[in-house]
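S.K.: heads up, no residue letters with this:
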Ligand code: ASP
């Protein structure tokens, strides 16, 4: 090897060694930063809320799925999409304007269509909401939810949340992937409402389509239209117009901090079923529900809660077997009044609660008593 070749070989080896050393350091640095990322992520998750801008409220968004997190390959598909397919981070990121009105942090509780929300999930959600609201850093909570059973979850929380801080349940009728999706603005409104001082003490609220409703009165009245949610006989409690949140009414029935229902130590809610009333309905439906272990039955009866002779026979037998029976109405509107049939058979009437909300109240009532007189009182107070 001549001198030039030898020098060339030495230089090449030095170069290779330096490159290898650099690459090695790079790997170590990556590993280090990956570790940091992981621990930051964990920290992020454990943090209840983002508290970045001190002049803004800290709002936690608990996500449960539904059409607001729904997506389809076609932007005109507003019925065949898959609900609960986007994660909360994507849903929040689709509304960058949220940063201007609140410090928003998301948490995925579950990602399902609300037809699959069950009692176990209701309990899990209520416990998480109560845990978060105890934190001084949390000013309010928004819950994203499918619209099909949204009113049931909202009413359940209305009865078991132990705080005056605002809780707003929001959904959308069109999936996130649709032209003119209603979810982003509904979510913006929900965060806006939850950050508004006047929203305190109003119980659990529901917002869609610019309206603010009490969980006690709101119901879904249409299968597909964007104005599906109505607060029929008793009206809305407020409205969002542009950037302005205005309140006009307050729910006066007992709720949240005033409610005597407490699920903090409850592991399972009693089974309550809804039976529909119709011409030629049969006693065996009641017998089957009792046999299957129902502790309560709500009847979605006709008109002012009227039941056929057969249905009354089935219901009266159920009551003799310690089942609490509540008459509600399939009309979807109005009060079911307490009548002689109730006294005669120890039935309960549902006041103005529709069957699905009467079921929620009955489950909670049964955590306290089986006495129909006491249960009736709950329907008059809540
Ligand atoms: N099936 C959907 C759900 O309730 C409908 C919706 O969110 O609008 O989750």
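M.R.: Nice, I can see it. What you are looking at is a predicted structure, and each value in this text was computed from that prediction instead of being measured.
S.K.: next, residue 246: secondary structure please.
M.R.: strand (DSSP: H, G, I helix; E, B strand; the rest coil).
S.K.: my guess is it contacts residue 236, does it?
M.R.: No. Here residue 246 does not reach residue 236: they are 10.3 Å apart, not a contact under CB atoms under 8 Å. Backbone N, C-alpha and C define where each C-beta goes, glycine included.
S.K.: have a look at the two and say which one is more surrounded.
M.R.: With neighbours defined as other CB atoms under 10 Å, residue 246 and residue 236 compare such that residue 236 has more, 21 against 12.
S.K.: so which residues of the stretch 201-350 of the chain form strands?
M.R.: For the stretch 201-350 of the chain, strands defined by DSSP state E, counting those that start in this stretch occupy the ranges 204-208, 211-214, 219-220, 229-230, 238-241, 244-247, 272-276, 296-301, 324-329, 348-349.
S.K.: list the contacts of whatever residue of the stretch 1-150 of the chain ends up closest to the ligand.
M.R.: Distances between the stretch 1-150 of the chain and the ligand by CB to the nearest ligand atom are smallest at residue 146, namely 1.9 Å. Applying CB atoms under 8 Å, 6 or more residues apart in numbering to residue 146 gives the contacts 64-68, 83-84, 112-115, 117, 171.
S.K.: show me which residues of the stretch 151-300 of the chain are close to the ligand?
M.R.: 171, 173 (CB under 6 Å from any ligand atom).
S.K.: show me where the stretch 151-300 of the chain has helices.
M.R.: Here the stretch 151-300 of the chain has its helices, by DSSP state H, counting those that start in this stretch, at 183-194, 284-291.
S.K.: go through these and pick out the most buried.
M.R.: Ranked by mean neighbour count, the helices of the stretch 151-300 of the chain are led by helix 183-194 with a mean of 24 (mean count of other CB atoms under 10 Å).
S.K.: how far off centre is that helix?
M.R.: Remark: helix 183-194 is offset 14 Å from the chain centroid, using CA atoms, centre = their mean, to the nearest Å.
S.K.: tell me which of the strands of the stretch 201-350 of the chain sits most buried.
M.R.: strand 204-208 (a mean of 29).
S.K.: burial measure for residue 346, as a count.
M.R.: 17.
S.K.: can you put the helices of the stretch 151-300 of the chain in a markdown table and add mean pLDDT?
M.R.: Below are the helices of the stretch 151-300 of the chain laid out as a markdown table (pLDDT from 0 to 100):
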| stretch | mean pLDDT |
| --- | --- |
| helix 183-194 | 98 |
| helix 284-291 | 98 |
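S.K.: using CSV, lay out these together with distance to residue 56.
M.R.: Output for the helices of the stretch 151-300 of the chain, formatted as CSV (distance: least, CB to CB, whole Å):
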stretch, distance to residue 56
helix 183-194, 10
helix 284-291, 50
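S.K.: just give me the longest strand of the chain.
M.R.: Ranked by residue count, the top strand of the chain under DSSP state E comes out as strand 102-112.
S.K.: that one and the ligand, any residue contact?
M.R.: No. Applying CB under 6 Å from any ligand atom, one finds strand 102-112 out of contact with the ligand, separated by at least 7.1 Å.
S.K.: and that strand, which strands flank it?
M.R.: Paired strands of strand 102-112, with direction, are strand 57-65 (parallel) (DSSP bridges).
S.K.: buried stuff in the partner strand?
M.R.: In terms of neighbour count (16 or more other CB atoms under 10 Å), strand 57-65 has its buried residues at 57, 58, 59, 60, 61, 62, 63, 64, 65.
S.K.: ok, the fifth one touching residue 92?
M.R.: It refers to residue 61. Yes. Applying CB under 8 Å, one finds residue 61 in contact with residue 92, separated by 6.4 Å.
S.K.: list the residues that contact both of those two?
M.R.: With CB under 8 Å, 6+ apart as the test, residue 61 and residue 92 both reach 104, 106, 187.
S.K.: residues contacting the second one?
M.R.: If you count contacts by CB under 8 Å, 6+ apart, residue 106 has them with 60, 61, 63, 88, 89, 91, 92.
S.K.: and of those residues, the nearest to residue 213?
M.R.: The closest of the contacts of residue 106 to residue 213 turns out to be residue 61 (CB to CB; 19.0 Å).
S.K.: which one among the contacts of residue 106 gets closest to residue 295?
M.R.: Nearest to residue 295 out of the contacts of residue 106 is residue 63 (CB to CB; 31.2 Å).
S.K.: am I right that the closest one is in contact with residue 108?
M.R.: Yes. With contact defined as CB under 8 Å, residue 63 counts as touching residue 108 (5.0 Å).
S.K.: mind listing the shared neighbours of those two?
M.R.: Both residue 63 and residue 108 are contacted by 87, 88, under the criterion CB under 8 Å, 6+ apart.
S.K.: for the residue of the stretch 151-300 of the chain found nearest the ligand, which non-adjacent residue is spatially closest?
M.R.: Of all residues in the stretch 151-300 of the chain, residue 171 sits closest to the ligand, at 5.2 Å by CB to the nearest ligand atom. Spatial nearest neighbour of residue 171, chain neighbours left out: residue 147 (4.1 Å); criterion: CB to CB, 6 or more residues apart in numbering.
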